[in-house]
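Engineer: Provided below for reference: sequence and predicted model.
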Amino acid sequence: MTSAGDTRRAMLRKALLGAGAAVAYAGGMLPDIAVAAGIGTAARADRPDIVIFIADDLSWTDIAPNGSKDARTPHLDRLASDGTRFTRAFAASPTCTPSRSALLTGDYPMHNGAHSNHSSIFDNIGTLPAYLKAQGYRVVVAGKTDFGPPRDFPFEYLAGSTFHPDKKKAALLSRLHLEAVETLFATRDPEVPLALFVASYQPHVPWAKEPSYDPATLTLPANFVDTPEMRAAFAAYLTDVSDLDREVGVVRRSIATNGKADDTLFVFTVDHGAQLPFAKWTLNDPGIHVPFIAAWPGRVSAGRTTDAMISLTDLLPTVLDAAGAPSPQGIDGKSFLPVLTGDRDSFRDVVFASHTGDKNFNRSPMRAIRTDRWKLIVNLNASQMYVNAMTNNGRDERGFWSSWVERAKTDARAAELVRRYQHRPPVELYDLEADPYEAHNLADDPAYAAIRKTLSDRIDEWRIAQGEKLTDVPMPDDAHYGTHFYSEWR
């Protein structure tokens, strides 16, 4: 199906591509869209190194700098002490490919085409690696590559940075090997600025088989059903969070030993929330509220916390701004570099997020608008029971989830949590100050009708601007599918 957004994007590409031809860069040709967007070859001489570390499936609450009572994350603690920590950073989607594609294009998923998991962006859309290549950067990716097509993401793939014992299940079983990253820093040409994207597989499932946390001592989120299976799963998840923290430490040590420690912009963030209830695959805050910490000696304030609201679509223009390059016109993101440098205390008044699903399951498209206090979620296929890989598509055979379902047979609170998770109304409205776990839907309360209308109008405007028709229900089949990632990148 060709959507209005597809047509709009094609028209924009045609107009932009008429503006100039491609220019050469080391290792290939810069996509035409980068040239047309005004991201030309040349740059100031004092460009910083850039390291962007992207974790996989981690909710904002589950690291020590953000207040976790249990997670042991000393390297992230140190990073927060060395840089600025954001309390309101949000993913564009609670699913891997849409979120990563939004981060790397500066466009929300419906705008760039990759709105379903394992889909691809529209052809010839500008991407952060292409723009940085145009500025003379050596642009390298280590680890997970959950985006495509490869020609529009002109990374140098760091050989040896990924290991998977079973190639048929590479997406789930891969692990990050950091020896290749250490070698990169030890052997790189210091005269060529480096942009390194470290994409960890942690703490994506499968989680650790031998947890290093005691399940009995953990503090479970208030909207969890407290079962032995749930505690065991949470302990395994936190074990992988600690392993992720170790990876951050290795990369930062490599920078300190062989990199440009005094002139490296280091960003730590996450694609979206954990594979836990009310998190990944949902637009509840645990699904889209992500950790974000940035450090840059002499430029970013150390030990600072900011409540400025940002979207991960804003990372692309911010990184280009830090590199002294202009941002492409017409993208959804905008630079928050003034927030990083301490020149601004606020940024966005709202962020948006969307979820379409996975091609053959999780077919529950939803859209959300979030302010600092309010959240409105629109469920476009509310008549269908919400299922996903965690619930095993309704068969209730997945570890801790089956323990929720079993407990719900005799426990009213558990039954209510299971019901809320799998049966979602057309519209949800939450007061996040009074109800941080989004348990009390105010959408049908007349006292909040004005707030609902204001947010509904605004999300409708955004959906139309993204190329959606309000009468349509975009499904995974409607996303753009082209050449993708795993087999192509290795």
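Structural biologist: Great, that's in hand. Numbers count the residues shown, from 1 in each chain.
Engineer: my guess is residue 440 contacts residue 432, does it?
Structural biologist: No - taking C-beta atoms under 8 Å as the definition, residue 440 is not a contact partner of residue 432, at 10.9 Å. All C-beta atoms are positioned from the backbone trio N, CA, C, and that covers glycine.
Engineer: neighbour-wise, which of these two wins?
Structural biologist: residue 432 (16 against 12; other C-beta atoms under 10 Å).
Engineer: got a list of what that one touches?
Structural biologist: Listed by C-beta atoms under 8 Å, 6 or more residues apart in numbering, the contact partners of residue 432 are 285, 370, 372-375, 438.
Engineer: cool, and residue 82?
Structural biologist: 295, 297, 302-303.
Engineer: which strand or helix spans the nearest residue to residue 214 once chain neighbours are set aside?
Structural biologist: Spatial nearest neighbour of residue 214, excluding adjacent residues (C-beta to C-beta, 6 or more residues apart in numbering): residue 235 at 7.0 Å. Assigned by DSSP states H and E, residue 235 falls within helix 228-258.
Engineer: and that helix, what's buried?
Structural biologist: Within helix 228-258, the residues that qualify as buried are 229-245, 247-249, 251-252, 254-255, 258, counting by 16 or more other C-beta atoms under 10 Å.
Engineer: okay, the residue lying farthest from the centre of the chain: pLDDT?
Structural biologist: The outermost residue of the chain relative to its centre, with distances by C-alpha atoms, centre = their mean, is residue 410 at 37.2 Å. Confidence at residue 410, expressed as pLDDT, is 98.
Engineer: shouldn't it be within a strand?
Structural biologist: No - Residue 410 is assigned coil when assessed by DSSP: H, G, I helix; E, B strand; the rest coil, not a strand.
Engineer: give me the distance between it and residue 420.
Structural biologist: Distance, residue 410 to residue 420, using C-beta to C-beta, to the nearest Å: 18 Å.
Engineer: hmm, back to that, residue 216: which of the contacts of residue 82 is nearest?
Structural biologist: Residue 216 lies nearest to residue 303 out of these, by C-beta to C-beta, at 34.1 Å.
Engineer: which ones are touching the closest one?
Structural biologist: Residue 303 sits next to 80-82 when contact means C-beta under 8 Å, 6+ apart.
Engineer: take these and keep only those in helices.
Structural biologist: With helices taken from DSSP state H, the overlap with those comprises 80-82.
Engineer: those into JSON lines, with extra columns for distance to residue 110?
Structural biologist: Shown next, in JSON lines, are the ones in helices among the contacts of residue 303 (distance: C-beta to C-beta, whole Å):
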{"residue": "80", "distance to residue 110": "33"}
{"residue": "81", "distance to residue 110": "38"}
{"residue": "82", "distance to residue 110": "36"}
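Engineer: tell me which of those is nearest to residue 345?
Structural biologist: residue 80 (18.1 Å).
Engineer: so how many other residues sit close to the residue nearest to residue 222 when sequence neighbours are not counted?
Structural biologist: Spatial nearest neighbour of residue 222, chain neighbours left out: residue 437 (5.6 Å); criterion: C-beta to C-beta, 6+ apart. Residue 437 is flanked by 15 other residues according to other C-beta under 10 Å.
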